[in-house]
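Visitor: next comes the sequence, and after it the predicted model I'd like to discuss.
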Amino acid sequence: MKLWGGRFAKKTHKAVEDFTRSIHFDQALAKYDLLGSLYHVAVLKRAKLLTPFEYKKLQKGLHSILSDLKSGNLKINNSFEDIHSYIQYLLKQKVGKPADKLQTCRSRNDQVVFATKLYCLDHIKALTEKIHALQKNLRSLANQHKDILMPGYTHLQHAMPIALSDYFHAYLNMITRDTERLGDAAKRISLTMGSGALAGTMIDSKNYSFPAKGDLLKTLTASKNALDTVSDRDFIIEILSALAILSMHLSRMSEDLILWASKEFDFIEIDDAFCTGSSLMPQKKNPDVLEMIRGSAGRMSANLLEILVVMKGLPLSYNRDMQLDKEPLFDAFRLMGSIFDVLSPLLQNLKFKKEKILSQISDETLYATDLAEFLVKNGVSFHDAHQIIGKLIRMSGEKKISLLKFSDSVLGKFHPLLNDKVVQTILNAKRSVLSKKSIKR
Ligand code: ARG
């Protein structure tokens, strides 16, 4: 049952088997391990370490396990050490003696890196498709609500008027950078074979193209350094880092939506199908989904931190600590996938309360910067303009008088260029937003 054992005089203690076992989670690598083995038997055949007959048998056996896996008929026996040992066992059941040659010139240290890299490429591809679907929803929200203007915030205080679509484009930009980071991590994944346990093997396994179709599978390249290849988990760290950043972005977007759904803001209505209620308060409609997405950023950062701490200080090359890389990696992809599955339709079903949002842009303080810039354009220094308008806004607040109600003579005392007409012109959200030349809309 084990891939090792000859040098041991005693049976492994059950507690050790239980403690070191990983099949309950690394079964997620089954497909990738099988694809790796298909590469490997082709390499062995080229090196004449398999007869054509043995090669055919092994290839057929591996394909048959692969098709059982695809059809959901592969039963996993969780008493095996890991998925790699289990597949070896299954192959022996299927093809008999030739299966004993599968591990020729191969170590699980190399095998596990190869399978994990393929898993990563496959999952980055699937997640990128989900991200693109969400980006499409954000783009369509931006187009649908082009005409809604709103207060922009800094420190969560009214700052200057912006377009609602600016929010969606901001999140689109952030998520585009995330997909670029993921794509970049994928590009750096080089699929190699032949590192053996740490020192390389007696056969050449480079430049081998996979004998079957599939865009996942690249041509094998030569490992530049076998020691590095079996020790390397940078690709996992890069991916988990990209996913932690993505998750932080989704957390911020969720927070904006949670605020907007509150009675205090009242900018949006989240569809009933995407909210939950309270067991005690009958009136409640809570944004739990968005809260959980916001909270998931904690778990995603923890996944990154976990692998960073596991890897820190490990001597080269393989150490069993590295088996602990998989749970945070698998968890990250699973959680991310489920976030996109729920966030995409939630966004698609959001209702924006145009009147409510527009009512906020009558806040005159939003135009203070525009008033100061009017003075600047007419030769006043920015410092003086800032002071003048600051005082004007303070007076309006203290006396509770709208700037639009100030007489020309009062305005003129603040600065001779200020008058009723100027204030009327500048206190206009559309004018304010359109006057900003530095951003592309
Ligand atoms: N299950 C192990 C892992 O995921 C496979 C490698 C075991 N190698 C070893 N030398 N014990 O890391």
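Guide: Everything's here; your move.
Visitor: only C-alpha atoms from now on, for both contacts and neighbour counts.
Guide: Fine.
Visitor: now the residue of the chain at minimum distance from the ligand: closest residue in space, sequence neighbours ignored.
Guide: Taking CA to the nearest ligand atom, the ligand has its nearest neighbour within the chain at Gln323, 3.6 Å off. What sits nearest to Gln323 in space, not counting adjacent residues and going by CA to CA, 6 or more residues apart in numbering, is Ser22, at 7.7 Å.
Visitor: likewise Ile236?
Guide: Here the residue nearest Ile236, using CA to CA, 6+ apart, is Leu329, at 6.9 Å.
Visitor: the host helix or strand of that neighbour: what's the following helix or strand?
Guide: Element membership of Leu329, judged by DSSP states H and E, is helix 326-348. Sequence order places strand 351-352 as the next helix or strand after helix 326-348, per DSSP H and E.
Visitor: C-terminal to that next one, what's the next element?
Guide: Next along the chain from strand 351-352, counting by DSSP H and E, comes helix 354-360.
Visitor: alpha carbons of the helix or strand that that next one is followed by, as CSV, please.
Guide: Downstream of helix 354-360, the first helix or strand assigned by DSSP H and E is helix 368-377. The C-alpha trace of helix 368-377 is given here as CSV (Å, rounded to 0.1, in the frame of the first residue of the first chain):
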residue,chain,number,x,y,z
ALA,A,368,-16.5,74.4,-1.8
THR,A,369,-13.5,73.3,-3.8
ASP,A,370,-15.1,74.3,-7.1
LEU,A,371,-15.8,77.8,-5.6
ALA,A,372,-12.1,78.1,-4.5
GLU,A,373,-11.0,77.0,-8.0
PHE,A,374,-13.2,79.7,-9.6
LEU,A,375,-11.3,82.3,-7.6
VAL,A,376,-8.0,80.6,-8.5
LYS,A,377,-8.9,80.8,-12.2
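Visitor: who are the packing partners of helix 368-377?
Guide: Counting contacts by 3 or more CA pairs under 8 Å, 6 or more residues apart in numbering; DSSP states H and E, helix 368-377 packs against helix 382-399, helix 420-426.
Visitor: can you tell me which residues in the protein are near the ligand?
Guide: With CA under 6 Å from any ligand atom as the criterion, the chain comes near the ligand at residues 22, 82, 108-109, 112, 320, 322-323.
Visitor: and for the residue nearest to Tyr208 when sequence neighbours are not counted, the neighbour number?
Guide: Spatial nearest neighbour of Tyr208, chain neighbours left out: Leu220 (5.3 Å); criterion: CA to CA, 6+ apart. Neighbourhood size, Leu220 [other CA atoms under 10 Å]: 18.
Visitor: check what pLDDT Leu220 gets.
Guide: Listed pLDDT for Leu220 reads 78.
Visitor: didn't it look like it was pressed against Asp204?
Guide: No. If you go by CA atoms under 8 Å, Leu220 and Asp204 don't touch, sitting 11.0 Å apart.
Visitor: distance of Lys391 relative to Leu418?
Guide: Distance, Lys391 to Leu418, using CA to CA, to the nearest Å: 13 Å.
Visitor: just the strands in the chain please.
Guide: Ranges of strands within the chain are 149-154, 157-163, 268-269, 351-352, based on DSSP state E.
Visitor: next, format those strands as TSV and append mean neighbour count, mean pLDDT and distance to Met292.
Guide: Converted to TSV, the strands of the chain look like this (neighbours: other CA atoms under 10 Å; pLDDT from 0 to 100; distance: least, CA to CA, whole Å):
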stretch	mean neighbour count	mean pLDDT	distance to Met292
strand 149-154	18	98	24
strand 157-163	19	97	25
strand 268-269	18	98	18
strand 351-352	16	97	21
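Visitor: right, and these - which one's nearest Glu398?
Guide: For Glu398, the closest of the strands of the chain is strand 157-163, at 17.8 Å, according to CA to CA.
Visitor: tell me the pLDDT at Leu358?
Guide: 96.
Visitor: that one contacts Asp147, correct?
Guide: No. Leu358 lies out of contact with Asp147 (CA under 8 Å); the separation is 9.9 Å.
Visitor: and Leu118, what pLDDT?
Guide: Looking at Leu118, its pLDDT reads 94.
Visitor: I should have written Phe8 there, sorry.
Guide: On the pLDDT scale, Phe8 gets 89.
Visitor: how far away is it from Thr201?
Guide: For Phe8 relative to Thr201 (CA to CA), the value is 24 Å.
Visitor: more neighbours, those two?
Guide: Taking neighbours as other CA under 10 Å, Phe8 and Thr201 compare with Thr201 leading, 17 against 8.
Visitor: so what's that one up against?
Guide: 105-106, 194-195 (CA atoms under 8 Å, 6 or more residues apart in numbering).
Visitor: swap in Phe53?
Guide: Per CA under 8 Å, 6+ apart, neighbours of Phe53: none.
Visitor: swap in 10 Å and give it another go.
Guide: Going by CA atoms under 10 Å, 6 or more residues apart in numbering, Phe53 touches 45, 59, 98.
Visitor: by neighbours, which of those residues wins?
Guide: Busiest of the contacts of Phe53 [other CA under 10 Å] is Gln59, holding 20 neighbours.
Visitor: does Ser195 really touch Asp232, like I thought?
Guide: No. The pair Ser195 / Asp232 is not scored as a contact, 11.8 Å apart, by CA atoms under 10 Å.
Visitor: joint contacts of the two?
Guide: The contact lists of Ser195 and Asp232 share Ala226, where a contact means CA under 10 Å, 6+ apart.
Visitor: so for the two, which residue has more residues nearby?
Guide: Ser195 (26 against 17).
Visitor: just give the closest residue to the more buried one, not the sequence neighbours.
Guide: Spatial nearest neighbour of Ser195, chain neighbours left out: Ala226 (4.5 Å); criterion: CA to CA, 6+ apart.
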